[in-house]
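Chemist: build me a structure from this.
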Amino acid sequence: MGWKTLDDMELAGKRVLTRVDINVPMQDGQVMDATRIEKIAPTVRDILAAGGTPILLAHFGRPKGERVDGMSLRHLVPALEQHLSAPVLFVADCVGPATAAAIGAAQQGQVVLLENTRFHKAEEKNDADFTDQLAALGDVYCNDAFSA
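Modeler: The predicted structure is shown next:
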């Protein structure tokens with residue numbers, strides 16, 4: 001069985017859990033180099049154009065399972081909106097009922113950005129329960145994180 005691409009799938013109405021590498025250099029809450037954000041833009045736009053909801057899944061830095069404000073992905077929202085040309089809904093966690101509810105409330109044409117997965121110790125332990133919780137958030141999985 002070969003790899004499927006987004007072109008092989010019907011994405012309309014689907015939640016597309018999209019692993020992205022947006023670990024960009026930051027200074028004083030500002031993105032200093034948006035190259036990695038620019039690289040994911042075509043994939044995210046393709047998902048939106050096909051009627052899907054991109055749910056961006058990423059880590060940032062090495063917070064070792066602790067919430068560190070400077071490593072929150074919420075700081076990336078302005079740069080993402082600029083480069084994706086779409087509104088970004090930031091969700092303050094990456095798992096749990098509140099996260100699932102926020103994804104369910106996302107509007108057509110909106111990109112969902114989940115909080116840094118490394119705020120959970122389970123992320124670096126490859127915890128199966130954590131993985132199952134993440135997988136349940138999407139109907140389709142897309143890996144667009146080529147350095148991950």
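
Chemist: only C-alpha atoms from now on, for both contacts and neighbour counts.
Modeler: Fine.

Chemist: list of residues touching the strand or helix carrying Asp129?
Modeler: Here Asp129, judged by DSSP states H and E, is contained in helix 128-135. By Cα atoms under 8 Å, 6 or more residues apart in numbering, the residues outside helix 128-135 that reach it are 17, 94-96, 122-123, 141.

Chemist: following element in sequence after that helix, please.
Modeler: Following helix 128-135 toward the C-terminus (DSSP H and E): strand 140-144.

Chemist: angle of that following strand against helix 128-135?
Modeler: 100 degrees (axes from the mean of the first three to the mean of the last three Cα atoms, to 10 degrees).

Chemist: which strands and helices sit next to strand 140-144?
Modeler: Secondary-structure packing of strand 140-144 (3 or more Cα pairs under 8 Å, 6 or more residues apart in numbering; DSSP states H and E): strand 15-20.

Chemist: and the next helix or strand after the strand it packs on, which strands flank it?
Modeler: Downstream of strand 15-20, the first helix or strand assigned by DSSP H and E is strand 26-27. Strand pairing for strand 26-27, using DSSP bridges, gives strand 30-31 (antiparallel).

Chemist: got the angle between the longest helix belonging to the chain and strand 15-20?
Modeler: Longest helix of the chain, by residue count under DSSP state H: helix 35-49. Helix 35-49 and strand 15-20 meet at an angle of 160 degrees, taking the same axes, to 10 degrees as the criterion.

Chemist: list the contacts of helix 35-49.
Modeler: 6, 11, 16, 20-24, 53-54, 79-80, 83-84, 109-110, 144.
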